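Asker: Below are the sequence and a predicted model for it; my questions follow.
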Amino acid sequence: MPIVSEALERGAHVRFTATGSSMRPFIRDGDTVEIESLHGLPVRVGDILLVRGSESHYVIHRVRSVKQGWIYLLGDAHQQGEGPYAREQLIGRVRSVQHNGKTLYLDRGWRRLAGVLWMALVPLRPWIFRWGSRLKQLIRRCRPRKPECAGAPDRPRPTAHKEL
């Protein structure tokens with residue numbers, strides 16, 4: 001990652017493919033992540049940062065809190081945070097994600113607000129994931145419309161008239 005740090009210091013944006021599921025649902029395995037420099041920018045709760053944990057360990061997680069100059073992170077799919085990290089360990093901030101051919105800017109607008117709100121929902125995340133998964137399965141099962149989803153009976157109903 002020294003090459004990434006050098007490119008960011010020169011003002012370039014860096015893109016690479018994210019691996020893992022720790023930032024689900026905002027960043028998925030295989031998404032392309034665009035990183036920008038943090039030079040001169042404040043670190044705010046809700047920012048998604050690329051951080052160097054050790055020489056060979058790098059992570060992209062969301063800022064949960066900043067206390068006395070130390071940064072604490074939390075993966076969007078995690079319950080337990082990590083840190084503290086010093087400012088020197090911060091490499092850059094996620095600007096956008098490319099998912100299914102669409103560029104999604106996570107650092108502004110309603111997606112940033114959704115990320116900050118997601119941080120507040122940490123105690124409810126297991127429930128949200130469980131019910132969200134069930135809802136997704138139901139939606140998949142009902143596409144395209146099948147008789148059981150449209151309210152039609154699974155088998156023909158008996159008729160009320162008799163044939164002679």
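Answerer: Sure thing, it's come through.
Asker: got the contact list for residue 49?
Answerer: Listed by CB atoms under 8 Å, 6 or more residues apart in numbering, the contact set of residue 49 reads 38, 43, 60-63, 71, 73, 90-94. Using the backbone N, CA and C atoms, a C-beta is placed for each residue, glycine as well.
Asker: run the last query once more with 7 Å
Answerer: Counting by CB atoms under 7 Å, 6 or more residues apart in numbering, residue 49 makes contact with 60, 61, 63, 73, 90, 93.
Asker: which SS class is it?
Answerer: Of the three states, residue 49 takes strand under DSSP: H, G, I helix; E, B strand; the rest coil.
Asker: One more: residue 79?
Answerer: With three-state DSSP as the basis, residue 79 sits in coil.
Asker: what residue ranges in the protein are flagged as low confidence?
Answerer: 1, 125, 129, 144-164 (pLDDT under 70).
Asker: Now for it: which helix has the highest residue count?
Answerer: Taking DSSP state H as the criterion, the chain has its longest helix at helix 125-141.
Asker: Contacts only, for residue 7.
Answerer: Shown in contact with residue 7 (CB under 7 Å, 6+ apart): residue 14.
Asker: can you rerun that using 10 Å?
Answerer: 13, 14, 35, 37, 92 (CB atoms under 10 Å, 6 or more residues apart in numbering).
Asker: Restricted to strands, list the residues you listed.
Answerer: With DSSP state E as the criterion, strands contain 14, 35, 92 from among those.
Asker: Relative to residue 106, which of those residues is nearest.
Answerer: Closest approach to residue 106 among these (CB to CB): residue 35, at 11.4 Å.
Asker: from memory the closest one sits against residue 15, does it?
Answerer: Yes. Residue 35 is within contact range of residue 15, at 7.5 Å (criterion: CB atoms under 10 Å).
Asker: Show me which of these two is the more surrounded one.
Answerer: residue 35 (23 against 12; other CB atoms under 10 Å).
Asker: Quick check: bridge partners of that one?
Answerer: Going by DSSP bridges, residue 35 is paired in beta bridges with residue 14, residue 94.
Asker: which ones are touching residue 83?
Answerer: Residue 83 makes contacts with 51, 53, 61, 63-67, 70-74, 89, as judged by CB under 10 Å, 6+ apart.
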